[in-house]
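Peer 1: here you go, sequence then predicted model.
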Amino acid sequence: MQFRVESFETVTSTNDLIKRAIEEGQPEGLAVRGLRQTAGYGRQGRAWESPIGGMYQSFLLRPDVPPAQLPTLSLLVGLAVRRAIASLVPELEDRVQVKWPNDIVVAEVDDSLREAAQAAGEGSPCGNKSASLCGAASPGVACDGAAPDGAPSDDGHQPRRPFHKLCGISTEMHARALCVGVGVNVARPANASSVPAGKNIPVYLDELGFCEGPVEDRISAVADALCDQLAIVYPLWCEQGFEPFQAEFDACSALSGRFVRMEDLSGNVLASGTVTRVAPDGRLVLRTPEGVEVFASSGEAHIR
């Protein structure tokens, strides 16, 4: 398939435009991009402004699939984002991971690059001024994650390293179609953002070596690469479900082998255990200390 791309300098949010297109009855395959968002929003109603520096792109999809398959779409889009980044910066392929259910992270980042840039009065190795941005200022980003570096894990044994967040993904059902929003941190923005603080540490592609050329060109390159990869994986997912991608997801999963707690939105613990894999239906599989497998859905729990 090929995506019909519409690009804008400033939008309220790319999701808003996709939802409007859904209401107008447009067919699937529309991709909307914005260099800036004035009213971006994420999970649980978080809202912020999105300055130049991130790739903000949303997609209109109308998959003819069983409803039980839909929760795996965000996992599929995560794989497409990871493939897109690897196509642009091949040396990052082994470092960029998918964090269930809707984030792309880098598990370890060499902070010496940032320290050197900040000592020179810059915010990143590409020369942008310093600013704070929690995760990707995109539709659908949730800024919760791992404990600070060196903090004990929930099982009291191995320390948990922080995730460095590179991308967030949202999927919303709207008028019987799907609006999929993706935000990738491409370059640290020059101006401060109103993104709320969270536990994830943001990381930007320019801090990972993707620095060449104007920032607008780099943003476009990431957006184009994502369209290319999603055009490959989405039709196969529609035909065969998530099973063809399950091994790939497990191989690059940021949570594999980690001890996590699954909580509801009120903070009540639903389950805890070591992540072993993701099931074909998209649920996260944990093994409890007693050796029992527990299946957790992203719709009913989140990770601490």
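Peer 2: Okay, I see it. Just so you know, these numbers come straight off a predicted model, no measurement behind them. Residues are numbered from 1 along each chain as shown.
Peer 1: wait, is Tyr56 part of a strand?
Peer 2: Yes - Tyr56: assigned to a strand according to DSSP: H, G, I helix; E, B strand; the rest coil.
Peer 1: doesn't Val186 make contact with it?
Peer 2: No - applying C-beta atoms under 8 Å as the test, Tyr56 and Val186 come out as separate, 10.0 Å apart. From N, CA and C alone the C-beta is placed, and that goes for glycine too.
Peer 1: show me which of those two is the more surrounded one.
Peer 2: Per other C-beta atoms under 10 Å, whichever of Tyr56 and Val186 has more neighbours is Tyr56, with 30 against 27.
Peer 1: now do the contacts for Leu226.
Peer 2: Contact analysis of Leu226 by C-beta atoms under 8 Å, 6 or more residues apart in numbering lists 55, 57, 80-81, 84, 182, 184.
Peer 1: top of those residues by number of neighbours, please.
Peer 2: Using other C-beta under 10 Å as the neighbour criterion, Val182 leads the contacts of Leu226 with 35 neighbours.
Peer 1: how near is that residue to Val269?
Peer 2: Separation of Val182 from Val269 (C-beta to C-beta, to the nearest Å): 30 Å.
Peer 1: check Pro189 too.
Peer 2: Here Pro189 is placed at a distance of 37 Å from Val269 (C-beta to C-beta).
Peer 1: ok, Val294 next?
Peer 2: Distance of Val294 to Val269, given as C-beta to C-beta: 11 Å.
Peer 1: the stretch 51-200 of the chain: strands as residue ranges?
Peer 2: Remark: strands assigned in the stretch 51-200 of the chain by DSSP state E, counting those that start in this stretch are 54-61, 96-99, 103-106, 151-152, 159-160, 164-174, 177-185.
Peer 1: what's the angle from the first one to strand 164-174?
Peer 2: Read that as strand 54-61. Following axes from the mean of the first three to the mean of the last three C-alpha atoms, to 10 degrees, one obtains 30 degrees for the angle between strand 54-61 and strand 164-174.
Peer 1: packing partners for strand 54-61?
Peer 2: When contacts are defined as 3 or more C-beta pairs under 8 Å, 6 or more residues apart in numbering; DSSP states H and E, strand 54-61 packs onto helix 14-23, strand 30-41, strand 177-185, helix 215-240.
Peer 1: alpha carbons of it, as PDB, please.
Peer 2: What follows is strand 54-61 as a C-alpha-only set of coordinates in PDB (Å, rounded to 0.1, in the frame of the first residue of the first chain):
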ATOM      1  CA  GLY A  54       9.800  15.900  16.900                       C
ATOM      2  CA  MET A  55       8.200  13.900  14.200                       C
ATOM      3  CA  TYR A  56       4.400  14.100  14.700                       C
ATOM      4  CA  GLN A  57       2.500  11.900  12.300                       C
ATOM      5  CA  SER A  58      -0.900  10.200  12.400                       C
ATOM      6  CA  PHE A  59      -2.500   7.600  10.200                       C
ATOM      7  CA  LEU A  60      -6.100   6.700   9.200                       C
ATOM      8  CA  LEU A  61      -6.600   3.000   9.100                       C
END
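Peer 1: let the chain start at 448 from now.
Peer 2: Got it, first residue is 448 now, which makes that one strand 501-508.
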